[in-house]
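Enquirer: no letters, just coordinates:
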Ligand code: PLP
């Protein structure tokens, strides 16, 4: 990612003042101070367009989908399936039918673990994941290993928080049945070279699952160019609603997968003797889905496309670099995770002040950051730490907001001296 040398000049292309005006929550104050929202990696804020799309759905279209012959049901079905079209196109999926809606990344990974990997796993088989994974890309595999006798192995990371590529290549052996890899680490900000990792895995016939929860909000993603077998994501990280996300996988893989949950929607024909399932993606969407959530997700996709993902990536790359320089100038602040290729996240320690104290005190300045292990305990433990403070950014953040954060941190230090 190329970054302009001048910290003070953001690249043209993204009108951040206009973007900020699209997010109603940014108008509010916290403890009497303007909200400085630096917790987008946990959950992004929603633009008016997403709020309006879900609101409109409930006001004008609300009905259950797929089964109804009445007008509302048909319109609701069109809205839900239209969101699938948008999301599939956003990922450059070869077919809309390869996009399965789930509750989010966590459910998408569990779906792959249970419906695809479980029947293919034998004692002694291996699943490899990086040391920087979110718990969502560790625990489902661990649960699977416990019940099958397979083994979960971590790929080490270096002091900068980058994947040890030599170790990765050495670990790709015949026993490995799946690689699980985060695209952008929520704890360290590291961007992993997925296309390169997927190519090496593919050469050995090993599928690679991408945890894309943190990449979709920051950069254009093309699942065909990545060459992965599974791509998982969450709507709420990309300015859409909570409770909606999805899994992309090629049709031949989805077609070979067992159903995940049984119930309505996923069947073609049921008798007490046997059930015939719908083809993907319906086969994996048992029960009434989050219809309004999908519609809101479609609106989030439209919103991001309107901004332009290249503009988003360029602005955020500039802001990340400038904000990192700004924070590093605060005496006693140490950035954790200094990979050459990063997105969206600045994790840090500050003297020996506990991150929870930092977060609680600066909340009184209106600044929202996250503190703790960020659901990536092994990644944080790798640096000999129990917790960090984490500022994460999105399309609406400005360098001035990092000035507010830096100023608040100076005051925290004064309190502890
Ligand atoms: N993976 C990463 C990298 C994340 O940052 C998160 C959420 O923080 C998840 C997975 C889990 O996402 P969700 O809780 O939306 O399922």
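Expert: Cool, the structure landed. Note that the coordinates shown come from a computational prediction; the quantities given were computed from them, not determined experimentally.

Enquirer: residues near the closest residue to residue 387 other than its chain neighbours, how many?
Expert: Nearest non-adjacent residue to residue 387, counting by CB to CB, 6 or more residues apart in numbering: residue 355, 4.6 Å away. Every residue, glycine included, has its C-beta placed from N, CA and C. When counting by other CB atoms under 10 Å, one arrives at 22 neighbours for residue 355.

Enquirer: so what's residue 355 up against?
Expert: Residue 355 makes contact with 349, 371, 372, 387, 388, 389, according to CB atoms under 8 Å, 6 or more residues apart in numbering.

Enquirer: let me know the pLDDT of the most centrally placed residue in the chain.
Expert: Centroid-nearest residue in the chain: residue 213, 1.1 Å away (criterion: CA atoms, centre = their mean). What the model reports for residue 213 is a pLDDT of 98.

Enquirer: dihedrals phi and psi, it?
Expert: Main-chain dihedrals, residue 213, degrees, to the nearest 10: phi -50, psi -40.

Enquirer: ok, it touching residue 236?
Expert: No: Residue 213 is not in contact with residue 236 according to CB atoms under 8 Å; the separation is 9.3 Å.

Enquirer: now do the shared contacts for these two.
Expert: 104, 245.

Enquirer: quick revisit: quick check, nearest of the contacts of residue 355 to residue 194?
Expert: residue 388 (24.3 Å; CB to CB).

Enquirer: tell me which element the nearest residue to the closest one once chain neighbours are set aside is part of?
Expert: Leaving aside its chain neighbours, residue 388 sits nearest to residue 347 (4.3 Å; criterion: CB to CB, 6+ apart). Per DSSP states H and E, residue 347 falls inside strand 345-350.

Enquirer: what packs against the host helix or strand of residue 400?
Expert: According to DSSP H and E, residue 400 maps onto helix 399-416. Helices and strands touching helix 399-416, by 3 or more CB pairs under 8 Å, 6 or more residues apart in numbering; DSSP states H and E, are strand 36-37, helix 309-328, strand 345-350, helix 355-363, strand 367-368.

Enquirer: the ones you listed: which one's closest to the ligand?
Expert: Nearest to the ligand among the helices and strands packed on helix 399-416 is strand 345-350; the distance by CB to the nearest ligand atom comes to 9.2 Å.

Enquirer: so which bits of the stretch 251-400 of the chain are right by the ligand?
Expert: Selection of the stretch 251-400 of the chain residues close to the ligand by CB under 6 Å from any ligand atom yields residue 375.

Enquirer: for the ligand, what's its nearest residue on the stretch 251-400 of the chain.
Expert: For the stretch 251-400 of the chain, CB to the nearest ligand atom, closest residue to the ligand: residue 375, 5.8 Å.

Enquirer: pretty sure that residue is touching residue 132, no?
Expert: No: in this structure residue 375 lies outside contact range of residue 132 using CB under 8 Å: 11.7 Å.

Enquirer: shared neighbours, these two?
Expert: Joint contacts of residue 375 and residue 132 (CB under 8 Å, 6+ apart) are residue 187.

Enquirer: which of the two has more residues huddled nearby?
Expert: Shown here are residue 375 and residue 132; by other CB under 10 Å, residue 132 has more neighbours (30 against 18).

Enquirer: and that one, what element?
Expert: Judged by DSSP H and E, residue 132 forms part of no helix or strand.

Enquirer: report pLDDT for it.
Expert: The model reports residue 132 with a pLDDT of 98.

Enquirer: over to residue 67?
Expert: 82.

Enquirer: what sits closest to it if chain neighbours are left out?
Expert: residue 73 (6.9 Å).

Enquirer: my read is that residue 52 contacts residue 300, right?
Expert: No: if you go by CB under 8 Å, residue 52 and residue 300 don't touch, sitting 11.7 Å apart.

Enquirer: more crowded one of those two?
Expert: More crowded of residue 52 and residue 300, by other CB under 10 Å: residue 300, with 29 against 14.

Enquirer: contacting residues for that one?
Expert: By CB under 8 Å, 6+ apart, the residues touching residue 300 are 46, 47, 49, 50, 235, 238, 239, 240, 241.

Enquirer: quick one: the helix or strand hosting it to helix 309-328, angle?
Expert: For residue 300, the host element (DSSP H and E) is helix 291-307. For helix 291-307 against helix 309-328, the angle by axes from the mean of the first three to the mean of the last three CA atoms, to 10 degrees is 90 degrees.

Enquirer: how about the helices in this protein?
Expert: Applying DSSP state H to the chain gives helices spanning 16-21, 48-56, 71-90, 105-111, 139-148, 165-171, 194-203, 223-226, 251-255, 291-307, 309-328, 355-363, 377-381, 399-416.
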